[in-house]
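S.K.: show me how the following folds:
(2 chains)
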Number of protein chains: 2
Amino acid sequence: MGKVAVVLSGCGVYDGAEIHESVLTLLRLSERGISYQCLAPNIDQMHVVNHLSGEVAAGESRNVLVEAARIARGEVLDLKDASVDDYDALFVPGGFGAAKNLCDFAVKGADMTVQPDFLRFAVGMHKAGKPIGLMCIAPAMSARIFGEGVNCTIGTDADTAAAIEAMGGKHIGCPVEEAVIDRERKLVTTPAYMLAGNVAEAASGINRLVDEVLAMC
Amino acid sequence: MGKVAVVLSGCGVYDGAEIHESVLTLLRLSERGISYQCLAPNIDQMHVVNHLSGEVAAGESRNVLVEAARIARGEVLDLKDASVDDYDALFVPGGFGAAKNLCDFAVKGADMTVQPDFLRFAVGMHKAGKPIGLMCIAPAMSARIFGEGVNCTIGTDADTAAAIEAMGGKHIGCPVEEAVIDRERKLVTTPAYMLAGNVAEAASGINRLVDEVLAMC
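M.R.: Coordinates of the predicted model:
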């Protein structure tokens, strides 16, 4: 087993990568003795949200790669330069950053497009037969990466599930401690904070996802 | 068992709360079924550090409470308004924020002063006989909170240990998976990322610290 890639979409649930989901992913990988590399696109965030007020911070801008470095303790690389050959699996934690920075699902729903650097890398990993784990809202990108008929979950949210189906995905309801596995396409998805009421609940599904993805390597 | 307080010093190892240590603390509390409230001082950070380059971001400023809200998913209160009566224990993750925002140890060493809101709350918790857990660099504040003779650890760093001794503390060397316990003063300290080489190592000592503090409640 070599190294796996963890793509972060910033730092903070409302405008970036969900911090708990990101750390829980790194923790499980670390517990399993797996080396990882954090990656992020070198682009401006869609916007900056004040996480205390919940309001958009007008006039502020932050870079996804620079903010992701907070979660990665400085050890993060530009996704643009990432080579599929260097990694055995791909993990993507959720948070609104997955739907605002890695794609524009938060704004455009089923009409979304995926950020080019992320799309190239994710599709490349898939075409190379390497397993992928998407958490929380990140599975909204499943049909764009894997094509029609892909099985995935974002938990139980009806509107998001309908958007996934509109893009050609097959949405399967799933409780927080479980994961949906598309064995043919080597995709594992789990609801995480789409459903989790606390950190331990998020950990239960994420641990499951990480273990299932590693089992497919 | 009621609720415990977790004081965050921002969001990011170089200018705020260490993100992994913070999430690992919340995870262990959640796994143990303990309710927690995140708190932070409503002050500007000492500075903003670009975590990709490691350089100070000239001209940028961020608020400790607002950034802490990223780790707390919005659920954070102003430390100034916190009442000792509402909490059974206090936890403080590390990161440079503990030494730059909760006190000025990073700049002044043994001549440091502690941020007034944090000092009031921490001393109040101690005087009320409630246990406190300090991680990573946060134990540098031990002598200011508990007075002379307090036993604590920041791991093995000689310069930091000397500064602690200069302030009247008693520094005890400690490996990453262990914790130093001052039973008389109900203080538990662990090195966390002062020594940890990965997330799982940080978790080992933090889990130990959380369990020891809870056992003293």
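
S.K.: longest single helix anywhere in chain A?
M.R.: helix A:199-215 (DSSP state H).

S.K.: next, the buried residues of that helix.
M.R.: Applying a neighbour-count criterion of 16 or more other Cβ atoms under 10 Å in any protein chain shown, one finds A:199-210, A:212-214 buried in helix A:199-215. The C-beta positions use only the backbone N, C-alpha and C, and glycine is treated the same way.

S.K.: now check it, is it near chain B?
M.R.: Yes - using Cβ under 8 Å from any Cβ of the partner chain, helix A:199-215 reaches chain B at A:199-201, A:203.

S.K.: quick one: name the residues of chain A near chain B.
M.R.: Within reach of chain B by Cβ under 8 Å from any Cβ, chain A has these residues: A:11-14, A:16, A:18-20, A:23-24, A:26-27, A:29-31, A:50-54, A:65-67, A:69-74, A:76, A:193, A:198-201, A:203.

S.K.: among these, which are in helices?
M.R.: Among these, DSSP H puts A:19-20, A:23-24, A:26-27, A:29-31, A:65-67, A:69-71, A:199-201, A:203 in helices.

S.K.: just give the nearest non-adjacent residue to the spatially most central residue of chain A, would you?
M.R.: Nearest to the mean C-alpha position of chain A, counting by Cα atoms, centre = their mean, stands A:Val92 at 2.6 Å. Residue nearest to A:Val92 in three dimensions, not counting chain neighbours: A:Ala138, with 4.4 Å by Cβ to Cβ, 6 or more residues apart in numbering or on different chains.

S.K.: same check on A:Met112?
M.R.: The shortest distance from A:Met112 to any non-neighbouring residue, by Cβ to Cβ, 6+ apart, is to A:Phe105 (4.3 Å).

S.K.: count the neighbours of that neighbour for me.
M.R.: For A:Phe105, the count of nearby residues is 25 (other Cβ atoms under 10 Å in any protein chain shown).

S.K.: circling back to that earlier point, any idea how far A:Ala17 is from the residue nearest to A:Val92?
M.R.: A:Ala138 sits 10 Å away from A:Ala17, going by Cβ to Cβ, to the nearest Å.

S.K.: likewise A:Gly95?
M.R.: 5 Å.

S.K.: these two: who's more crowded?
M.R.: A:Ala17 (37 against 33).

S.K.: who touches A:His169 in this structure?
M.R.: Wrong residue type there; residue A:169 is Gly, not His. A:142-143, A:148-152 (Cβ atoms under 8 Å, 6 or more residues apart in numbering or on different chains).

S.K.: correct me if wrong: A:Val23 contacts A:Ala72.
M.R.: No - look at A:Val23 against A:Ala72 with Cβ atoms under 8 Å: they stay out of range, at 10.3 Å.

S.K.: low pLDDT regions in chain A?
M.R.: Of all residues in chain A, none has pLDDT under 70.

S.K.: do that again at 90, thanks
M.R.: Across chain A, the ranges flagged by pLDDT under 90 are A:1-2.

S.K.: all the strands of it, residue numbers only.
M.R.: Using DSSP state E, the strands of chain A run over residues A:3-7, A:35-40, A:76-78, A:90-92, A:132-135, A:151-152, A:170-171, A:180-182, A:187-190.

S.K.: to A:Ala162, which of the ones you listed lies closest?
M.R.: Nearest of the strands of chain A to A:Ala162, taken as Cβ to Cβ: strand A:170-171 at 8.0 Å.

S.K.: and that closest one, how far from the chain's centre?
M.R.: Between the centre of strand A:170-171 and the centre of its host chain there is 17 Å, according to Cα atoms, centre = their mean, to the nearest Å.

S.K.: that one - contacts with which helices or strands?
M.R.: Under the contact definition 3 or more Cβ pairs under 8 Å, 6 or more residues apart in numbering or on different chains; DSSP states H and E, strand A:170-171 sits against strand A:151-152, helix A:158-166.

S.K.: so what's the closest residue to A:Ala166 other than its chain neighbours up against?
M.R.: Spatial nearest neighbour of A:Ala166, chain neighbours left out: A:Ala110 (4.0 Å); criterion: Cβ to Cβ, 6+ apart. For A:Ala110, the contact set (Cβ under 8 Å, 6+ apart) comprises A:163-164, A:166-167.

S.K.: burial measure for A:Val4, as a count.
M.R.: When neighbours are counted by other Cβ under 10 Å, A:Val4 comes out with 25.

S.K.: contacting residues around stretch A:171-189?
M.R.: Applying Cβ under 8 Å, 6+ apart, the contact partners of stretch A:171-189 are A:126, A:129-135, A:138-139, A:142, A:146, A:150-156, A:161, A:164-165, A:190-192, A:195-197, A:201-202, A:204-205, A:208-209, A:212-213, A:216.

S.K.: is it true that A:Ala98 touches A:Gly10?
M.R.: No - taking contacts as Cβ under 8 Å, A:Ala98 lies outside contact range of A:Gly10: 9.2 Å.

S.K.: higher neighbour count, the two?
M.R.: A direct count of neighbours by other Cβ under 10 Å for A:Ala98 and A:Gly10 places A:Gly10 higher, at 36 against 30.

S.K.: from A:Asn207, how far out is the residue in chain A sticking out farthest from the centre?
M.R.: Here chain A reaches farthest from its C-alpha mean at A:Gly59, the gap being 26.9 Å by Cα atoms, centre = their mean. According to Cβ to Cβ, A:Gly59 and A:Asn207 sit 40 Å apart.
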